[in-house]
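Student: Got a sequence here, can you model it:
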Amino acid sequence: PEPVDGTDAARLMDVVSVLADPDNQYVNFLQAGTGAVIRTVRAKLRDVVTFEDFGAVGDGSTDDRIAIQAALDYAISVGGAEVRGTAGKIYKITTSGLVMGAKTYLNLCGATIRQHTSNVPILSVTAGSDNYSWEIRNGSLEYNAQQTSAETGAFGLVLSGTNKLSYGYRISGLRIIGAYIGVYNPANTGCYTFMGHFEDVIVQRCATWGFYIDCGAGENTHLAFFNCWVLQAAGAEIAGSKGFYFRACSSGNWASLAADHIQSQFVSFTSCSGFFGTLTLESADLTTSTSLSLFEFANTPCHVNAIKLYANNLTTTGAGELYILRPTCTTTGWLSIGSYIEQGTVFTGLNIYEVNPETGMRVSNEFAAASRTVSLADWGINRKVIRWNGVDLMLIRRGGLRTVYTTAEPASEAWIVGDEWVNTAPAAGGAPGGMCVNAGTPGTWENFANLAA
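Tutor: Predicted structure coming up:
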């Protein structure tokens, strides 16, 4: 044979090394770029873990639960790693759902994890007691069979569990399909989730709530929601399907929440605080024979930038009462709305109310509302509504003094000296209004004309 020079000999030794080292433990890799250092090929390939590394097939028929769980467990065991699916693949899982934990970055890469067992979760972030700095993105979690309101354990994604923390995480580009509840945080003891970011998260065909985030006696803090959407299939809506439920969530950022075709309540906030952006309800064709609130704010004083209703059909039957906006508070609260846009929504029935605040609530807005088929409710003087659809109903003045806009002197409620009433339908020679000169229920009132004299 021809003799080999030094270069050829080195190449030959490289080939021998590869053949003798199928695990690539000693073969080197050098990344392009200034400052790059030599690593082994094995170390480089282990930067990212895939489901297939642990035996997953992803053909939609092979049960891949054990393989995927092994990949997630490995990420935890090494102190964190990125775990990937493969685009276009469908990974079947059965029996119990998957569990992930701290510093696990799950990138589905366009793949789907499909749960074939009903009434169990798909994915829970409950591997440890301190589940932090994790991520889920770019794919789908779905049930093979549509879950109903009877499958109360069918949660698409569970954020935390009893005496477990879940924080510093990000969920983006995720679709959850066919669950009982899409995104869930239970009100269990010590079940906290905070510093979480949700972006472009879509929940489809949920049997009840799309998002249900609770915290029991504590608080979930600093959760942010951008472009989160709850969607029902047009023409095949699930009765009782709802949008978003939040309780005991403080310093939140609900930048944009939307729902299409749901059949019950859109949003419910209880004991929450933070920034409330745009809340949009579209194409909801629902009928109620009981009391139903579309937008509910309980013990949640706040300002909402915009409430939007598009192409909804809202109907009450019998004694049913439908409240578009219902703020309630155990003490004294307030709610203000930046803008209210209503387009193509049809109201049918006698008991439909734009707003029904309890005594003690103060509601103000400057609404730009389209024409509607029903008139506004008669709030009564005790409602403390400052302004509604451009009509002044009451003004709260400095010192807590009230000016009520009505057609007659108040005949009920407790009033204090200095309170006023303004006649909104004055007749020639009639009273323009008056002032309370002796506190009481309803107090003693004197016409403005007599006071001037």
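
Student: Show me what counts as buried in stretch 439-448.
Tutor: 443, 445, 447-448 (16 or more other Cβ atoms under 10 Å). For glycine as for every other residue, the C-beta is placed from the backbone atoms N, C-alpha and C.

Student: Can you pick out the ones from those that are in strands?
Tutor: Counting by DSSP state E, the buried residues of stretch 439-448 place 445, 447 in strands.

Student: so which pair among the buried residues of stretch 439-448 is furthest apart in space?
Tutor: 443 and 448 (15.4 Å; Cβ to Cβ).

Student: and which of the buried residues of stretch 439-448 is nearest residue 89?
Tutor: residue 443 (73.9 Å).

Student: partner residues bridging the closest residue to the closest one other than its chain neighbours?
Tutor: Computed as Cβ to Cβ, 6 or more residues apart in numbering, the closest residue to residue 443 that is not its neighbour in sequence is residue 415, at 3.9 Å. Note on residue 415: beta-bridge partners by DSSP bridges are residue 440.

Student: Tell me, how many residues neighbour residue 415?
Tutor: Applying other Cβ atoms under 10 Å, we find 24 residues neighbouring residue 415.

Student: And for residue 319?
Tutor: Residue 319 has 10 neighbours, counted by other Cβ under 10 Å.

Student: per-residue confidence at it?
Tutor: Note on residue 319: pLDDT of 82.

Student: Same check on residue 402?
Tutor: 83.

Student: Any stretches of the stretch 301-450 of the chain with poor pLDDT?
Tutor: 330-333, 350-393 (pLDDT under 70).

Student: how about the helices of it, start to end?
Tutor: 448-452 (DSSP state H, counting those that start in this stretch).

Student: Now do the strands in it.
Tutor: For the stretch 301-450 of the chain, applying DSSP state E, counting those that start in this stretch gives strands covering 302-310, 313-316, 321-328, 333-343, 346-348, 352-355, 361-365, 387-388, 391-392, 394-396, 402-406, 420-423, 433-438, 444-447.

Student: My guess is the residue nearest to residue 443 contacts residue 442. True?
Tutor: Yes - using Cβ atoms under 8 Å, residue 415 is in contact with residue 442, at 6.0 Å.

Student: and the strands of the stretch 301-450 of the chain as JSON lines, adding distance to residue 59?
Tutor: Listed next are the strands of the stretch 301-450 of the chain as JSON lines, based on distance: least, Cβ to Cβ, whole Å:
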{"stretch": "strand 302-310", "distance to residue 59": "41"}
{"stretch": "strand 313-316", "distance to residue 59": "43"}
{"stretch": "strand 321-328", "distance to residue 59": "48"}
{"stretch": "strand 333-343", "distance to residue 59": "46"}
{"stretch": "strand 346-348", "distance to residue 59": "47"}
{"stretch": "strand 352-355", "distance to residue 59": "51"}
{"stretch": "strand 361-365", "distance to residue 59": "55"}
{"stretch": "strand 387-388", "distance to residue 59": "58"}
{"stretch": "strand 391-392", "distance to residue 59": "63"}
{"stretch": "strand 394-396", "distance to residue 59": "66"}
{"stretch": "strand 402-406", "distance to residue 59": "69"}
{"stretch": "strand 420-423", "distance to residue 59": "74"}
{"stretch": "strand 433-438", "distance to residue 59": "78"}
{"stretch": "strand 444-447", "distance to residue 59": "81"}
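
Student: how about these, which one is nearest residue 286?
Tutor: Here strand 313-316 is closest among the strands of the stretch 301-450 of the chain (Cβ to Cβ), at 6.3 Å.

Student: Mind naming the longest strand for the chain?
Tutor: Assigned via DSSP E, the chain shows its longest strand as strand 164-177.

Student: model confidence over the helix or strand following it, on average?
Tutor: Sequence order places strand 181-185 as the next helix or strand after strand 164-177, per DSSP states H and E. The average pLDDT within strand 181-185 is 98.

Student: Centre of the chain to strand 181-185, how far?
Tutor: 10 Å (Cα atoms, centre = their mean, to the nearest Å).

Student: who does whatever helix or strand comes next after that strand pair up with?
Tutor: Sequence order places strand 191-199 as the next helix or strand after strand 181-185, per DSSP H and E. If you go by DSSP bridges, strand 191-199 pairs up with strand 164-177 (parallel), strand 223-226 (parallel).

Student: what's in contact with strand 191-199?
Tutor: Identification of contacts with strand 191-199 by Cβ atoms under 8 Å, 6 or more residues apart in numbering yields 159-173, 183, 185, 213, 215-216, 218-228.

Student: what packs against the helix or strand following that strand?
Tutor: With elements assigned by DSSP H and E, the helix or strand that comes after strand 191-199 is strand 202-204. Under the contact definition 3 or more Cβ pairs under 8 Å, 6 or more residues apart in numbering; DSSP states H and E, strand 202-204 sits against strand 164-177, strand 228-231.

Student: tell me the most buried of those strands?
Tutor: Mean neighbour count (mean count of other Cβ atoms under 10 Å) peaks for strand 228-231 among the helices and strands packed on strand 202-204, with a mean of 24.

Student: Count residues in the vicinity of residue 222, would you?
Tutor: 17.

Student: Apologies, that question was intended for residue 162.
Tutor: If we define neighbours as other Cβ under 10 Å, then residue 162 has 11 of them.

Student: Please name the nearest non-neighbouring residue to it.
Tutor: residue 188 (4.2 Å).

Student: phi, psi of that neighbour?
Tutor: Backbone geometry at residue 188, expressed as degrees, to the nearest 10, gives phi -80, psi 170.

Student: on that earlier part again, which residues does the residue nearest to residue 443 contact?
Tutor: When contacts are taken as Cβ under 8 Å, 6+ apart, residue 415 is in contact with 402, 436, 439-443.

Student: Turn those into CSV, including distance to residue 250.
Tutor: Converted to CSV, the contacts of residue 415 look like this (distance: Cβ to Cβ, whole Å):
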residue, distance to residue 250
402, 31
436, 39
439, 38
440, 40
441, 37
442, 39
443, 39
